[in-house]
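1. Generate coordinates for the sequence data below:
(chains A and B)
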Protein chains: 2
Amino acid sequence: MFKSALIQFAPILGDIETNILHIAKLLENVADAELVVLPELASTGYNFRDREMAVRLAENPAGSRYVEMLVSQAAKYGQYIITGFNEQAEDKIYNSSLLIGPSGPVGVYRKMHLFMNEKKYFTPGDGKLCVYDTGFCKLGMQICFDYLFPEPWRILAQKDAEVICHPSNLLTQNAVKALPGIALMNKVFILTANRIGTEAELTFNGGSMLINPSGDFLQKADADNEYILFQDIDPQLSRDKMITPLNHVFDDRRPEQYTADNC
Amino acid sequence: MFKSALIQFAPILGDIETNILHIAKLLENVADAELVVLPELASTGYNFRDREMAVRLAENPAGSRYVEMLVSQAAKYGQYIITGFNEQAEDKIYNSSLLIGPSGPVGVYRKMHLFMNEKKYFTPGDGKLCVYDTGFCKLGMQICFDYLFPEPWRILAQKDAEVICHPSNLLTQNAVKALPGIALMNKVFILTANRIGTEAELTFNGGSMLINPSGDFLQKADADNEYILFQDIDPQLSRDKMITPLNHVFDDRRPEQYTADNC
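-> Below is the predicted model:
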């Protein structure tokens, strides 16, 4: 059993310094959580006016003041922190999720499925469907619109991820429709940290949520307020892949039949 | 636009003749529907006491009184009827779904993913993920517990199925958690005809449902009553696979990244 915390708040578009201060203050409230999840693009905001703005706000984790602050918090409290961030790597930028542990950065996931104008700014990620063992759980990462594509979640679960962390900037209720099934089919926990607030024509709808391996909502935040969801999680519940005494969610698959020419 | 009808009722275990009469009477109420969906194992009931009973009740469609009645109804009303049935083929039995059109039997789907004791009675299906063009829509079939495995639904949708018919004998709320996401991810209609009633330790929970390509419930029956759900369906809504002006549910997939060694 470990304690998780999902942080829902409104970053200010383009104001990294203010966002760092805001997030640092929020993190003071989650000192006793082993795992903290922040939203997508938490340090920069989301709705860039153009590609130039997106590029200007991108950061290489190695030299980022934001990452430095998170590394310091994670070390101080001996915890793991996951955040969405605008990643600069060589001449590209990615919509990424960074996992930081007590000893520093652990891994990056680059969003595979870009939503709307993200396609104009970011390079689609090469994925890296890695599962990280924190000691208290095995976790994977997906970002926001990835909820529409069940395949990577399946792969992470088959690689023994018990908890899939899902930094988001959601605008619709579609993730609420898609994720309970994904949790159930794979018997994993899903931790979706969504943002709130408005940037130009976009209003983010909060509703940060924790879903258990039975596909049930453990908690769901409201749409408008800054919020921290605390939840104790027993990863053991994900390890048992029997959904009935005679049915196993992975062993019952029929991959040899899953082909388009099966007709 | 076409009219569909989902029939929810309680077959009597082992009494094929009574079930035929009951179903024939129900079908008189759906004469104006172009597509009718009946539950899984509609003519035999579900909870066989042993394999011997399951085998004794199995029928080869070619010599089946039940299929003969359905063929006659479908011809009379110029409609398509889908029913679950206990299929005998050579020395095996399958938990199958049969599609009958105005001119007779069109195709069979054999359940790929067997639930609980079904494993003791039936041979797991070789699938046949076929899409049938009725003229008013393109349709595929899945059966009950198949809801837990998103892969075949994906394949049917990628083969242009607009409507996936889903004869069921559901016992839990898991399909309600899983199917909205499957409908949304593939932008297809899902028509789940479930049964009601109790057989020994099993109580079937009705709740027959129609889900649209946005993952929303159009209708959902109650848990206890015989019920016919009528629903007009516009298959055009499934043909448009754009989920935003810049996102296509299939073209945005990244199959080259969907591999376990992507880490």
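
2. and the stretch 151-263 of chain A, which of its residues are near chain B?
-> Contacts of the stretch 151-263 of chain A with chain B, taken as Cβ under 8 Å from any Cβ of the partner chain, map to A:151-152, A:154-155, A:158-159, A:174, A:177-182, A:184-185, A:215-216, A:243-247, A:249, A:252-255, A:257-260, A:262-263. Bear in mind the C-beta positions are built from the backbone N, C-alpha and C, glycine included.

3. So which of those belong to helices?
-> In helices, judged by DSSP state H, the following of those are found: A:151-152, A:154-155, A:158, A:174, A:177-182, A:184-185.

4. Am I right that A:Q158 is in contact with B:A260?
-> Yes: A:Q158 lies in contact with B:A260 (Cβ atoms under 8 Å); the separation is 6.5 Å.

5. With neighbour numbers in mind, choose between the two.
-> A:Q158 (16 against 11; other Cβ atoms under 10 Å in any protein chain shown).

6. can you pull the contacts of the more buried one?
-> Taking Cβ atoms under 8 Å, 6 or more residues apart in numbering or on different chains, we find A:Q158 in contact with A:N186, A:F250, B:A260.

7. of those residues, closest to B:N194?
-> Of all the contacts of A:Q158, A:N186 has the smallest distance to B:N194: 24.0 Å, by Cβ to Cβ.

8. Pull the number of nearby residues for the closest one.
-> The number of residues packed near A:N186 is 27, by other Cβ under 10 Å.

9. sorry, back to before: and which of the ones in helices among the residues of the stretch 151-263 of chain A next to chain B is nearest to A:L38?
-> Nearest to A:L38, judged by Cβ to Cβ, of those is A:L179 at 18.0 Å.

10. quick one: is the host helix or strand of A:L99 near chain B?
-> Using DSSP states H and E, A:L99 sits in strand A:92-101. No: Strand A:92-101 lies out of reach of chain B by Cβ under 8 Å from any Cβ, never closer than 12.8 Å.

11. Quick check on the residues of the stretch 151-263 of chain A next to chain B: which are buried?
-> By neighbour count, with 16 or more other Cβ atoms under 10 Å in any protein chain shown, those hold A:151-152, A:154-155, A:158-159, A:174, A:177-182, A:184-185, A:215, A:243, A:247, A:249, A:252-254, A:257-258, A:262-263 as buried.

12. And the residue nearest the centre of chain A?
-> Closest residue to the average C-alpha location of chain A: A:H166 at 2.2 Å, with Cα atoms, centre = their mean.

13. got the contact list for that residue?
-> A:H166 neighbours (Cβ under 8 Å, 6+ apart): A:V37, A:M141, A:Q142, A:I143, A:C144, A:D146, A:Y147, A:L179, A:I190, A:L191, A:T192, A:A193.

14. what is the residue nearest to A:F122 when sequence neighbours are not counted paired to in the beta sheet?
-> Closest residue to A:F122 apart from its sequence neighbours, by Cβ to Cβ, 6 or more residues apart in numbering or on different chains: A:N95 at 4.8 Å. A:N95 has these beta-bridge partners by DSSP bridges: A:N86.

15. my read: A:N95 touches A:F145, true?
-> No: A:N95 is beyond contact range of A:F145, at 9.3 Å (criterion: Cβ under 8 Å).

16. Just give the nearest non-adjacent residue to the residue of chain A most remote from its centre, would you?
-> Distance from the C-alpha centroid of chain A peaks at A:C263, with 37.9 Å (Cα atoms, centre = their mean). Closest residue to A:C263 apart from its sequence neighbours, by Cβ to Cβ, 6+ apart: B:C130 at 3.9 Å.

17. Same question for A:Y46.
-> Closest residue to A:Y46 apart from its sequence neighbours, by Cβ to Cβ, 6+ apart: A:N169 at 4.7 Å.

18. show me the contacts for A:M209.
-> The contact partners of A:M209, by Cβ under 8 Å, 6+ apart, come to A:L6, A:V176, A:L179, A:I190, A:T192, A:N194, A:F217, A:L218, A:Q219, A:K220, A:A221, A:L229.

19. Which of the residues you listed sits closest to chain B?
-> A:L179 (7.2 Å; Cβ to the nearest Cβ).

20. about what we covered before: ok, so of the ones in helices among the residues of the stretch 151-263 of chain A next to chain B, who is nearest A:A31?
-> Among these, A:L179 lies closest to A:A31 (Cβ to Cβ), at 28.2 Å.

21. Please tell me how far the closest one sits from B:Y66.
-> As defined by Cβ to Cβ, to the nearest Å, A:L179 lies at a distance of 40 Å from B:Y66.

22. again, but for A:F2
-> Distance of A:F2 to B:Y66, given as Cβ to Cβ: 55 Å.

23. more neighbours, those two?
-> A count of neighbours by other Cβ under 10 Å puts B:Y66 above the other of A:F2 and B:Y66, at 22 against 18.

24. I figured the more buried one hits B:T18, correct?
-> No: the criterion here is Cβ under 8 Å, and B:Y66 misses it with B:T18 at 11.4 Å.

25. looking at the sheet around the closest residue to A:D32 other than its chain neighbours, what are its partners?
-> With sequence-adjacent residues excluded and distances taken as Cβ to Cβ, 6+ apart, A:D32 is closest to A:K3, at 6.2 Å. Beta-bridge partners for A:K3, by DSSP bridges, are A:D232.

26. now A:F189
-> With DSSP bridges as the rule, A:F189 is bridged to A:V163.

27. Wait, it touches A:C165, no?
-> No: A:F189 is not in contact with A:C165 according to Cβ under 8 Å; the separation is 9.1 Å.

28. Those two: which has the busier surroundings?
-> Taking neighbours as other Cβ under 10 Å, A:F189 and A:C165 compare with A:C165 leading, 28 against 25.

29. how close does the more buried one sit to chain B?
-> Distance, A:C165 to chain B, using Cβ to the nearest Cβ, to the nearest Å: 16 Å.

30. A:Y147: neighbour count?
-> As a burial measure, A:Y147 scores 25 neighbours (other Cβ under 10 Å).

31. hang on, it is in a helix, isn't it?
-> Yes: counting by DSSP: H, G, I helix; E, B strand; the rest coil, A:Y147 is found in a helix.

32. Could you pull up the contacting residues of it?
-> A:Y147 makes contacts with A:H166, A:S168, A:N174, A:A175, A:A178, A:L179, A:I182, as judged by Cβ under 8 Å, 6+ apart.

33. repeat that for 10 Å
-> A:113, A:153, A:166, A:168, A:170, A:174-179, A:182, A:190, A:192, B:181, B:184-185 (Cβ atoms under 10 Å, 6 or more residues apart in numbering or on different chains).
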